[in-house]
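# Here is my input, please return the structure:
(2 chains)
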Amino acid sequence: MTLSPTHALRERATSPMPERRGFKFATAAAAAVLIVLLALLAPMALAEELAPDALIKSLTADVTAAIRQDPAIRAGNARRLSELVEAKIVPHFDFNRAVQIAMGPNWRRATPEQQEELTRQFKTLVLRTYSGALAAYRDQAIAFGPLRAHPGDSEVTVRSEINQPASEPLAIEYDMEKTGADWKVYDIRVSGISLVATYRNTFSEEVRNHGIEGLIQQLSAKNRQAVTARARS
Amino acid sequence: MSPSFQPRRSECAAVTLTIVVIVTALSGCATTGESGNADPIEPANRPVFELNQGLDHQVVRPVAEGYEAQVPGPVRSCVRNVFSNLGDIFTSVNQLLQGEPGKAVSDISRFGINTTVGVLGCFDPASSMGLDKHKRDFGETLALWGVPPGPYVVLPLLGPSTVRDAFGLVPGWFLDPTNYVAGPAAIALKGTQIVSTRSSNLKASDLIDSAALDPYLFTRDAFLAHRLDQIYDGHPPIANADSAQPDVN
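As a prediction, the model looks like this:
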């Protein structure tokens, strides 16, 4: 039996063959047990909640790795990028809460159909902006600050920083909430500028001037315009 | 750096007092019926914003795009760094005025190292030596001294600001070495600075164009939120859900 990895290595170096076979067998047996255990535990581990900062860290790692490895995205292929965002980001974003923040008190004045349409249009708008920001990513190092939260918290802010050469780091903050067992992002702030709350004044002004229908029309016109602009370029 | 940061008041700043009086007077005469309105002079701001946008679309932006297309990346980064390096002088002075002597020394050392070893600021060896880049302006200093922002103002050519930050531009102007160059060289220098800055903002402005329903409102609200974030060093007070733009004080 091996005492420690370093001990095993030393053993291997001095008297290779017999010791090594023993070591190999032990490793193989241990690995087999481990695989069986993992197979049994995996569904339980997945069902367990993922800490909000761990979730953002793993999402960030996944998405940046995907961008690094995809020449099409790097060349500016917007469709590939939006596929990536759809697959990785959308499942962890609460657009319902986001649109309510942007709408403020006007949310309650909208009919359920209008609320559904507002959510749909706002989702398109926010995802386009987010993807546009992501497209500018070029291998910069991303660092995470310590999570300031208490065990029972259902709302947290996960802070990260993108380091840029010869300038101050760019702060990216994720406002997250716990819904059921999952943590979801409902707002992202880039150097203090909110992807969601920045629309509050714009939306209330539009509703004041043209009503909720007017806002829906303005949103869908903006989204249509962006699609044709993308098709042209 | 502390999250429980509170703006400090300085007892001995007569200048500050004068600015407070002017800002308050301006806010007073410009305030409309709506309480807590951060943009009482919107009717005056919008035309200036349109003018700036027009100038940008017609002149500055196309030149910046040409600059980005024609000039190789390393040269552009060198030019950007040279201007950024000059900015470190002003940052250092403001660190001192904000009661951060340690950071003031760090920032002026950055300037010294990058000007010499970094060839007039073209390269940034100071960052690799652990002297991180900061940016502090006099508007922030005034905010820490207790000066309220006053109304949002769109300045001709210079863009979004507040009354307080507009006053803050004055000492910045005097501490910018490029403003002491005379003759045609001054125009070349300013022109390069504007084009260099604009070219590094191209992606950001594209993003605003695609995100904003009303570019004026979007730019204003993004600017004010960003400014608040800078003044509170990344930890602005939690915004009241019902007030769109919380006041600094």
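# all strands of chain B, in order?
According to DSSP state E, chain B carries its strands in the segments B:152-155, B:159-162.
# for the first one, what is the average pLDDT?
It stands for strand B:152-155. Here strand B:152-155 scores 97 as its mean pLDDT.
# Can you pull the poorly scored residue ranges out of chain A?
Chain A contains residues with pLDDT under 70 at A:1-24, A:38-50, A:232-233.
# and it, which residues reach chain B?
A:104-105, A:125, A:128-129, A:132-133, A:136, A:165-168, A:171, A:189, A:191-194, A:197-202, A:204-206, A:218-219, A:222, A:226, A:229 (Cβ under 8 Å from any Cβ of the partner chain). Every C-beta, even on glycine, is put in place using the N, C-alpha and C of the backbone.
# Tell me which stretches of chain A form helices.
Secondary structure of chain A (DSSP state H): helices located at A:5-14, A:16-47, A:52-69, A:71-74, A:78-88, A:95-103, A:112-135, A:200-232.
# Out of those helices, which is closest to residue B:183?
helix A:112-135 (41.5 Å; Cβ to Cβ).
# Mind putting the helices of chain A into JSON lines with mean neighbour count and distance to residue B:188?
Listed next are these as JSON lines, based on neighbours: other Cβ atoms under 10 Å in any protein chain shown; distance: least, Cβ to Cβ, whole Å:
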{"stretch": "helix A:5-14", "mean neighbour count": "12", "distance to residue B:188": "65"}
{"stretch": "helix A:16-47", "mean neighbour count": "10", "distance to residue B:188": "62"}
{"stretch": "helix A:52-69", "mean neighbour count": "16", "distance to residue B:188": "38"}
{"stretch": "helix A:71-74", "mean neighbour count": "15", "distance to residue B:188": "35"}
{"stretch": "helix A:78-88", "mean neighbour count": "16", "distance to residue B:188": "38"}
{"stretch": "helix A:95-103", "mean neighbour count": "21", "distance to residue B:188": "45"}
{"stretch": "helix A:112-135", "mean neighbour count": "18", "distance to residue B:188": "33"}
{"stretch": "helix A:200-232", "mean neighbour count": "16", "distance to residue B:188": "35"}
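# just the residues of chain B that are near chain A, which are they?
Contact residues (Cβ under 8 Å from any Cβ) of chain B with chain A: B:77, B:80-81, B:84, B:124, B:127, B:132-135, B:203, B:206-207, B:210-214, B:217-218, B:220-222, B:225-230, B:234, B:236, B:239, B:241-242, B:244-245.
# Find the nearest non-adjacent residue to residue B:209, please.
Closest residue to residue B:209 in three dimensions, ignoring its sequence neighbours and counting by Cβ to Cβ, 6 or more residues apart in numbering or on different chains: residue B:215, at 7.2 Å.
# in the longest helix along chain B, what's buried?
Longest helix in chain B, counting residues (DSSP H): helix B:73-97. Within helix B:73-97, the residues that qualify as buried are B:76-97, counting by 16 or more other Cβ atoms under 10 Å in any protein chain shown.
# Which secondary structure element of chain B has the lowest mean pLDDT?
When the helices and strands of chain B are scored by mean pLDDT, DSSP states H and E, helix B:14-30 comes last with a mean of 59.
# mean confidence score for the longest helix of chain B?
Taken as a whole, helix B:73-97 has a mean pLDDT of 96.
# That'll do, ta.
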